[in-house]
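1. What shape does this take:
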Amino acid sequence: FFFLMIRRPPRSTQSRSSAASDVYKRQIYFGVEWDDPTIGKHDGSVEGFRYFETSNGPTSGSLIKPEKANLGINIFEGILLKYFKTPEEQTKHDEKDQKLDQYGRPFEIDENAYFETIRKKHKKMVQFVGFDKIWKQINNLKEIRAISLFNLKISDLGPEDALGMVLPKLSILSLEQNLLYSWDQIYFIGKELPWLDSLQLTGNNLEKPKNAAEVTQITVPLTKNTIDVNPREAFRNLKTLILINMKLTWEDISNIIPAFANIEELVLCKNHLYDAENLKIGEGDLQKLLFLNVEETGLKNFADLQPFSPLPKLDRLVISKNELQKLGQFTGFNSVTQLSAENNLFEDPFVLHEMSQFASLRSLRILHNPFIQKFGIAHIRLRAIAENKLIQIVNGTQLGRYDRKDSEIYYLRSTFEEYFKIVNRPHYDYDFEDLMKYCDTNHPRIKELIQKYGNPYELIKDQDNSQQKSQSTQKQSVVNLKFIAGSGPLVGKDPIKKKFPESTTIGWLKNFSSKTFKIPQSKVVLLYHTEPKDPFIELEEDMKDFLFYGIRTVSYTHLRAHETPEHLVCRLLLE
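-> This next block holds a predicted model:
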């Protein structure tokens, strides 16, 4: 931020002469507040006298002489610097022999474009193929549709009607990391380029905006003329607005929203969005918004985003790299199908249940949160699937055919085990009503899963006669298996019948299957299902027993086995 400053002398002291002070007084300086707060020398106060105030730290200000200041260039100079060759460059290009690559295509080497190699830190020049065609296209600016003017120190947009005349068909404009300073300049862009589809303003520090709904005139900086502009009409075709790292607040966003009421993508990363009480979205604004990104904005309370919840088309929401510990209860967001919540402070997996409040959620990203290290990525993924009924993609991975049922059964059993550990009770002797109270608070979906799959740790009813109880217990402790070969030397042979205690481990059963079918144990895979039409579930934990997987005594449990090129697949079919 630049402004003109006539430096006054400090208060008179015995050590300073009046003549020196008079010379000091006549010097003219620019007061500067740097974007990087570490490169200045003070906060606007020098030798006890305050010339200006900074807002970016005690070392973010400097006083510099006008001849050392770069006040920026206009956008047309930026286009020339970025896309057009100087006469010297063109002459040099014409004089030298044209180089061809291995495919016979002409190419050029831009000496200002290079990569530094990691090992020896040598500069490796970049070859640009087909530059002649690019130059021809750029030279015909009236047909160009996309321009990127990154970090060219552009501070002025030229006189009225010039930008629209030079770039009449421009639809994508990137002005990232330049020296634009006023929202009037931004509204001027909309007036000049009515077909603009995407606008990138990242890194420009603009002055506080007025409410765009009340703006009717703007000032053209170059001519200082005032022209009539309705910001609501200026950006009627804009779909994407990128405002990263611009020190914007929610109050600023609320003031500019009326000018961009029809956008579909809004990116607000790395801004100062701490004043949620100032966020207001007017009726009819952002009704077409599909994508909202508030990554790395210091978001601590998800409720701060509640004003966005009624938007009817909001489909993708990014809240990653913030300070969220939970989501809490919220309403709305009914159209959100994709949620990215990576790199937050989630420690309690209960937040996965809170995410089920997104009624249409299909895709979820939750990596790099504390609960990943605490519970393991597999547990978090399975619970996320079990808690969210419509989820189809977790952390970029599509659900398999049987993943939902596997996840729900896993979540059901792990919740029971969690409760047994808390109350220090065995699986055959616990208070079911107390378990349900615990689940109401911590695992609300468990009742529904019990209705769907049954109780994996069904209690044995008391018997009046202790002998009957003993017999009942013994009866419940045996599982009858019937092995049926699907391939290999035993195909077509009679089933092999065998009884196993309920406490039999999966590892022991794999060992038995390996010996029976003469297949290495490392290739044995056990699958089961409760009904012939149900999907199969893998028994993968060798140290767990039948009870862990809810396999209990029936008339016979069928185990169908067949060998594949890689595995022996044993399928337990429960009658």
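2. switch to C-alpha atoms for all contacts and neighbour counts from now on
-> Will do.
3. What segments of the stretch 201-350 of the chain are helices?
-> Counting by DSSP state H, counting those that start in this stretch, the stretch 201-350 of the chain has helices at residues 231-234, 250-256, 350-354.
4. Dump those helices into JSON lines; add mean pLDDT, mean neighbour count and distance to residue 184 as well.
-> Listed next are the helices of the stretch 201-350 of the chain as JSON lines, based on pLDDT from 0 to 100; neighbours: other C-alpha atoms under 10 Å; distance: least, C-alpha to C-alpha, whole Å:
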{"stretch": "helix 231-234", "mean pLDDT": "88", "mean neighbour count": "22", "distance to residue 184": "9"}
{"stretch": "helix 250-256", "mean pLDDT": "97", "mean neighbour count": "19", "distance to residue 184": "11"}
{"stretch": "helix 350-354", "mean pLDDT": "97", "mean neighbour count": "19", "distance to residue 184": "42"}
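5. what about these, which gets the closest to residue 382?
-> Closest approach to residue 382 among the helices of the stretch 201-350 of the chain is made by helix 350-354 (10.4 Å; C-alpha to C-alpha).
6. Check which helices and strands the closest one is in contact with.
-> Applying 3 or more C-alpha pairs under 8 Å, 6 or more residues apart in numbering; DSSP states H and E, one finds that helix 350-354 makes contact with helix 377-387.
7. Quick one: list the elements packing against the helix it packs on.
-> Here helix 377-387 touches helix 350-354, strand 393-394, helix 403-423, going by 3+ C-alpha pairs under 8 Å, 6+ apart.
8. out of those, which comes closest to residue 273?
-> helix 350-354 (22.7 Å).
9. one step back: out of the helices and strands packed on helix 377-387, nearest to residue 384?
-> With C-alpha to C-alpha as the yardstick, what comes closest out of those is helix 350-354 (5.6 Å).
10. other SSEs contacting the helix or strand following the closest one?
-> Downstream of helix 350-354, the first helix or strand assigned by DSSP states H and E is strand 363-365. Judged by 3+ C-alpha pairs under 8 Å, 6+ apart, the packing partners of strand 363-365 are strand 338-340, strand 393-394.
11. so which of the ones you listed gets nearest residue 44?
-> Here strand 338-340 is closest among those (C-alpha to C-alpha), at 41.4 Å.
12. Tell me where the model's unsure across the stretch 1-150 of the chain.
-> 1-26, 85-139 (pLDDT under 70).
13. still on that earlier bit, I'd like the helices and strands packed on strand 363-365 as a markdown table, with mean neighbour count, distance to residue 236 and mean pLDDT appended.
-> Formatted as a markdown table, the helices and strands packed on strand 363-365 follow (neighbours: other C-alpha atoms under 10 Å; distance: least, C-alpha to C-alpha, whole Å; pLDDT from 0 to 100):
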| stretch | mean neighbour count | distance to residue 236 | mean pLDDT |
| --- | --- | --- | --- |
| strand 338-340 | 20 | 27 | 98 |
| strand 393-394 | 20 | 35 | 96 |
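14. Please name whichever of the ones you listed is nearest to residue 38.
-> strand 338-340 (33.0 Å).
15. Spell out which strands sit alongside the closest one in the sheet and which way each one runs.
-> strand 316-318 (parallel), strand 363-365 (parallel) (DSSP bridges).
16. List the contacts of that strand.
-> Defining contact as C-alpha atoms under 8 Å, 6 or more residues apart in numbering, one finds that strand 338-340 is touched by 315, 316, 317, 318, 319, 320, 361, 362, 363, 364, 365, 366.
17. Quick one: these as a markdown table, columns for neighbour count, distance to residue 203 and pLDDT too.
-> Output for the contacts of strand 338-340, formatted as a markdown table (neighbours: other C-alpha atoms under 10 Å; distance: C-alpha to C-alpha, whole Å; pLDDT from 0 to 100):
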| residue | neighbour count | distance to residue 203 | pLDDT |
| --- | --- | --- | --- |
| 315 | 19 | 27 | 97 |
| 316 | 19 | 24 | 98 |
| 317 | 19 | 22 | 98 |
| 318 | 19 | 20 | 98 |
| 319 | 24 | 20 | 98 |
| 320 | 26 | 20 | 97 |
| 361 | 24 | 33 | 97 |
| 362 | 18 | 33 | 97 |
| 363 | 21 | 31 | 97 |
| 364 | 25 | 29 | 97 |
| 365 | 19 | 27 | 97 |
| 366 | 23 | 28 | 97 |
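18. where in the stretch 401-550 of the chain is pLDDT low?
-> Counting by pLDDT under 70, the stretch 401-550 of the chain contains low-confidence residues at 460-477, 482-492, 528-537, 543, 547-550.
19. Report all helices and strands that the host helix or strand of residue 185 contacts.
-> Here residue 185 sits within helix 183-192, counting by DSSP H and E. On a contact count with 3+ C-alpha pairs under 8 Å, 6+ apart, helix 183-192 meets helix 162-166, strand 217-220, helix 231-234.
20. Now do stretch 434-446: distance to the chain's middle.
-> The chain centroid and the centroid of stretch 434-446 are separated by 31 Å under C-alpha atoms, centre = their mean, to the nearest Å.
21. Put the alpha carbons of it into PDB.
-> C-alpha atoms of stretch 434-446 as PDB (Å, rounded to 0.1, in the frame of the first residue of the first chain):
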ATOM      1  CA  ASP A 434     -27.300 -50.100  29.400                       C
ATOM      2  CA  LEU A 435     -25.600 -50.800  26.100                       C
ATOM      3  CA  MET A 436     -28.400 -49.100  24.200                       C
ATOM      4  CA  LYS A 437     -28.200 -46.000  26.400                       C
ATOM      5  CA  TYR A 438     -24.500 -45.900  25.700                       C
ATOM      6  CA  CYS A 439     -25.100 -46.200  21.900                       C
ATOM      7  CA  ASP A 440     -27.800 -43.500  22.000                       C
ATOM      8  CA  THR A 441     -25.200 -41.000  23.100                       C
ATOM      9  CA  ASN A 442     -22.100 -42.300  21.300                       C
ATOM     10  CA  HIS A 443     -23.200 -44.500  18.400                       C
ATOM     11  CA  PRO A 444     -26.800 -43.500  17.400                       C
ATOM     12  CA  ARG A 445     -26.900 -45.700  14.300                       C
ATOM     13  CA  ILE A 446     -26.300 -49.000  16.200                       C
END
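22. neighbouring contacts of it?
-> Contacts of stretch 434-446 (C-alpha under 8 Å, 6+ apart): 350, 353, 387, 412, 415, 416, 419, 447.
23. list the buried ones in that stretch?
-> 436, 439, 443, 444, 445, 446 (16 or more other C-alpha atoms under 10 Å).
24. so which two of the residues you listed are the farthest from each other?
-> Spatial extent of the buried residues of stretch 434-446 (C-alpha to C-alpha) is set by the pair 436 and 445 at 10.6 Å.
25. Dump the helices and strands packed on strand 363-365 to a markdown table, plus distance to residue 243.
-> Converted to a markdown table, the helices and strands packed on strand 363-365 look like this (distance: least, C-alpha to C-alpha, whole Å):
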| stretch | distance to residue 243 |
| --- | --- |
| strand 338-340 | 19 |
| strand 393-394 | 28 |
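26. so residue 42 touches residue 58, yeah?
-> Yes. Assessed by C-alpha atoms under 8 Å, residue 42 is found in contact with residue 58 at 5.5 Å.
27. So for the two, which residue has more residues nearby?
-> Shown here are residue 42 and residue 58; by other C-alpha atoms under 10 Å, residue 42 has more neighbours (19 against 16).
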